[in-house]
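S.K.: requesting a structural model of the entry that follows:
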Amino acid sequence: MDSSFAQALRALMAERGISGRRLAQVVPCDNSLICRYRSGKQAPSAKMARLLDEALGADGKLAVLANPAPPSRRRVLAGGLLAGSLLAVGPEARELLAWADRHPPRIDGAVVDSLAELLTAQRRADDTLGSAAMLESALAQLAGVENLVRQAHGPVRPALLDIAQQWAQFAGWLSRNTADFAGAQAHIGRALGWAEELGDRTMISTLLENKSEIAVYCGEAGAVIGLAQAAQRDRRAAAGQRALAAEFEARGHAMAGDAVAADRKLGEAQDLAGALAGRPQAQRPWLYWLTPEFFQNEAGRVCAHLAADPRWHDRAITLLDTADKGSQVWVSAGNLTWLAFAHSQADEVEQACAVAMQASGAVRVAGSVRMARLLAQTCAGLQARHPADPRVAELADALA
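M.R.: Numbering: from 1, shown residues only. As a prediction, this is how the structure comes out:
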C-alpha cells in the first residue's frame, strides 16, 4: 500500500528533477531500494530517511514522515457533519452542526447557514491541499447532509437542498479528480435530482458539463460533445456555465479532429465568458473559480488536442504559458500537465519531458489521479515514438 512517505518522496524527486538512479548515487544506496521506498513497498529506516532528506533538501520532512506519531497521539475525525471539523469554521457553527447530527428533523436556517460555512471551508481547503486530502471528510459530510434532506420539509427544505446539491457537486469534483469516475457519476446523479426539485437551471447545466468532463478523460468524444450541448441548451442557466460547456464542446470536437468546429465553439465560449466578465454580480458564489484566466486555461487545453498542427500548437502554448495558475493547486497541476501534452502532440520531446517532470510534482500535491493518468499517457506516447531517447527514459523513471 502507498504511504505518505512514498508520496512525499515522489513529489520531491519530481520537484528537484532527480531520477531514482541519480538519487541512489547521491545517497548512496541501491537503486532498487529507492524504487521500493518510492512505491511504498518498503519503509525506510530513520537513518535512511535522514540521508534522503539531506539529498533532496527536504528540511526534515521525510524524516518526520518516516517516524510518525504513535496512534494514541493521532487525531481521529468524527463522522457525519463534523468529519474534518478542524476546517476553518467557527465554534458556533460546529455546535449547530453537532446538534443537527443528533436532531435532523428539527433543523432551521441557522443550521443551513452553518452548512454553507463548512462547505466554503471545504472548497477553499481543496484549493490548497488537493482533492485526495479532502475526499474522505467531504463524503462523510455529504452522508450527513443526505440524512438531513430525507427529513427536511417546509420553508427550510429549499435552502437545505441548495446546499445539498452544491455538496454533491463538490463530491463529484473530488471523485473525478481522483479518477473515481463511477463515484463521480453517482454524486452528480444525486445532485441532479436535487437540482431538478429546485428548478436550478445553472446547477443542472453545471452537472451536465461535469459529466462532459468525465467523458473527456474516458476518451468518449461523442459523449463530450452531446453532454456539453445539453448543458448549453437552457439559456436560463448562468452565462459562465454555458461558456464552460461551450469550451467542453470545443474539446470534444478537437478530440474528434474537427478543428473548424472546435474553433467555432471556442469563439462562442469567448463571447459568453466576456459577458460574464462584465457582470461579476451575476456569478454564483460557489462558481468563484470561473475567472477570465480559467477560461483561457480551458481554451489552451482544447488547442492541445490539435497541437500536432503548428498553428494550434503555438496557440496552445500561448494560452497555457500565460494563463494565471492562481493559488489553486489543481489549476497549476492541470495547466502544466496539458502543456506537457501539447508539446508531446507536436513531438517536441525536450520541452514535453521537462514540463512533464515539473507537472508530476504539482499533480501529486494536488492529489489529481486523472492528471497523473494523462501524464502517464503522454509519457507512453513519447516512449512509443522515441524508445531510445534518454530524456523519455528519465521521465518514465520519474513517473514510475
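S.K.: end to end, how far does stretch 211-228 reach?
M.R.: 8 Å (Cα to Cα, to the nearest Å).
S.K.: now that stretch: buried residues?
M.R.: For stretch 211-228, burial by neighbour count (16 or more other Cβ atoms under 10 Å) applies to 211-217, 220-221, 223-228. Any C-beta I mention is one placed from the backbone N, CA and C, and that applies to glycine too.
S.K.: and for stretch 367-381?
M.R.: Residues G367, S368, V369, R370, M371, A372, L374, L375, T378, C379, G381 are the ones in stretch 367-381 that count as buried (16+ other Cβ under 10 Å).
S.K.: you'd agree the first one is up against T178?
M.R.: Yes: in this structure G367 lies within contact range of T178 using Cβ atoms under 8 Å: 6.4 Å.
S.K.: residue contacts, R242?
M.R.: Contacts for R242 (Cβ atoms under 8 Å, 6 or more residues apart in numbering) come out as S205, A231, Q232, R235, L272.
S.K.: quick one: which two of the buried residues of stretch 211-228 are the most distant?
M.R.: Of all pairs drawn from those, the widest gap by Cβ to Cβ lies between Y217 and G226 and measures 16.0 Å.
S.K.: measure A342 to I34 for me?
M.R.: 31 Å (Cβ to Cβ, to the nearest Å).
S.K.: who's more crowded, those two?
M.R.: A342 (31 against 23; other Cβ atoms under 10 Å).
S.K.: follow-up on the earlier one: out of the buried residues of stretch 211-228, list just those in helices.
M.R.: Among those, DSSP state H puts 211-217, 221, 223-228 in helices.
S.K.: the stretch 101-250 of the chain: helices as residue ranges?
M.R.: 109-129, 131-151, 156-177, 181-198, 201-217, 221-232, 239-255 (DSSP state H, counting those that start in this stretch).
S.K.: who's in contact with the residue lying closest to K211 once chain neighbours are set aside?
M.R.: Nearest in space to K211, with sequence neighbours left out and distances taken as Cβ to Cβ, 6 or more residues apart in numbering, is L227 at 4.9 Å. Taking Cβ under 8 Å, 6+ apart as the contact definition, L227 lies against L208, E209, K211, S212, A215, F248.
S.K.: including distance to V27 and pLDDT, could these go into TSV?
M.R.: Listed next are the contacts of L227 as TSV, based on distance: Cβ to Cβ, whole Å; pLDDT from 0 to 100:
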residue	distance to V27	pLDDT
L208	51	97
E209	47	95
K211	47	97
S212	47	96
A215	44	94
F248	46	97
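S.K.: what's the closest of those residues to Q42?
M.R.: A215 (38.8 Å).
S.K.: find the residue closest to that closest one in space, skipping its chain neighbours.
M.R.: A223 (3.8 Å).
S.K.: ok, that neighbour to Y217 distance?
M.R.: A223 is 11 Å from Y217, by Cβ to Cβ.
S.K.: and what of R235?
M.R.: For R235, the distance to Y217 - Cβ to Cβ - is 28 Å.
S.K.: got it, and P104?
M.R.: Taken as Cβ to Cβ, the span from P104 to Y217 is 36 Å.
S.K.: can you list the low-confidence ranges for the stretch 51-200 of the chain?
M.R.: 59-60, 64, 67-79, 82-89 (pLDDT under 70).
S.K.: mind listing what G300 touches?
M.R.: Neighbours of G300 in contact, by Cβ under 8 Å, 6+ apart: R315, A316, I317, T318, L319, L320, A323, N335, W338, L339, A342.
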